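S.K.: sharing a sequence plus its predicted fold:
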Amino acid sequence: MTIDQLTADQEVTLEVLIGGSSFEIKTEVVGTNDNTGVLLKPYVYNGMVVDFTAGSPKSMRFNLHCIDPLSGGRVVWKNVLVKLVNYRDVDYYVVDSKNFGTIAASSERRVDERVNVHRPGSATKDDLKRMSVSVIDISDAGISFIGNQNLFTIGDLVEVNFADTANDSDFSLRVTAKINRAEVIKEGIFFAGMIQDKDNKLLAYLCFKGIDERTNNFLNKEEN
């Protein structure tokens, strides 16, 4: 499959790579053009279109994934060029490979990368049992947190709420997770769960948080 064979309304995934971490944003194809590349619907947060390239580390790279409709397999175009453009007052992501007709490679799922959170929040079970927690880390597949009560057991579905700031954007997140680990530790009860649903808000938060972590690590190395 070549990148110019993508069709309007086709679902694709834009993968943002920062150092050893990667984060995925689900979007759709608007159209293709031999001169401009593939046009994608941009991610909008708080009424603003997110430009992932603005002020980002030079090491940031992008891959574009989709399901090949002919083979049914997941394919990827690596190291694509991404920029935000405005055409007739509508914003788009323009994605282009170095050679627009480049054939996609087979794509294996990446290993989920977690970002550190360490923010206060709350966790609620469907029977309305609720407790204050400290969210430790999160990925698009799992979340871990510490509580001071043993209200949940393995297999429970809980809703975890917390707020954080990443890349100068405010996020208020609500995540449903199925508990798969619970144990007593010095700080309280440690819980880990598998996320049951994920949306673009969570994926954007993971991306922005990853940018912050990589930038901070780079600045700390420079200072030392």
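M.R.: Okay, I see it. Residues are numbered from 1 along each chain as shown.
S.K.: okay, now the domains of the chain?
M.R.: Structural domains of the chain, as assigned by automatic domain parsing, span the residue ranges 3-106, 115-220.
S.K.: lowest average pLDDT across those?
M.R.: Among the domains of the chain, domain 3-106 carries the lowest mean pLDDT, at a mean of 81.
S.K.: so how far is that domain off the chain centroid?
M.R.: 14 Å (C-alpha atoms, centre = their mean, to the nearest Å).
S.K.: I'd like the distance between the nearest residue to L6 once chain neighbours are set aside and D9.
M.R.: If the residues on either side of it in the chain are set aside, L6 comes closest to V29, at 4.9 Å by C-beta to C-beta, 6 or more residues apart in numbering. C-beta: built from backbone N, CA, C; applies to glycine. In this structure, V29 lies at 7 Å from D9, with C-beta to C-beta, to the nearest Å as the measure.
S.K.: looking at these two, which is more packed in?
M.R.: A count of neighbours by other C-beta atoms under 10 Å puts V29 above the other of V29 and D9, at 19 against 9.
S.K.: that one contacts L14, correct?
M.R.: No - the pair V29 and L14 does not pass the contact test of C-beta atoms under 8 Å, sitting 10.9 Å apart.
S.K.: now do the shared contacts for those two.
M.R.: With contacts defined as C-beta atoms under 8 Å, 6 or more residues apart in numbering, the residues adjacent to both V29 and L14 are L40.
S.K.: next structured bit after the lengthiest strand in the chain?
M.R.: Taking DSSP state E as the assignment, the strand of the chain that covers the most residues is strand 169-185. Later in the chain than strand 169-185, the nearest helix or strand by DSSP states H and E is strand 188-195.
S.K.: and that following strand, what's buried?
M.R.: Buried residues in strand 188-195, defined by neighbour count with 16 or more other C-beta atoms under 10 Å: G188, I189, F190, F191, A192, G193, I195.
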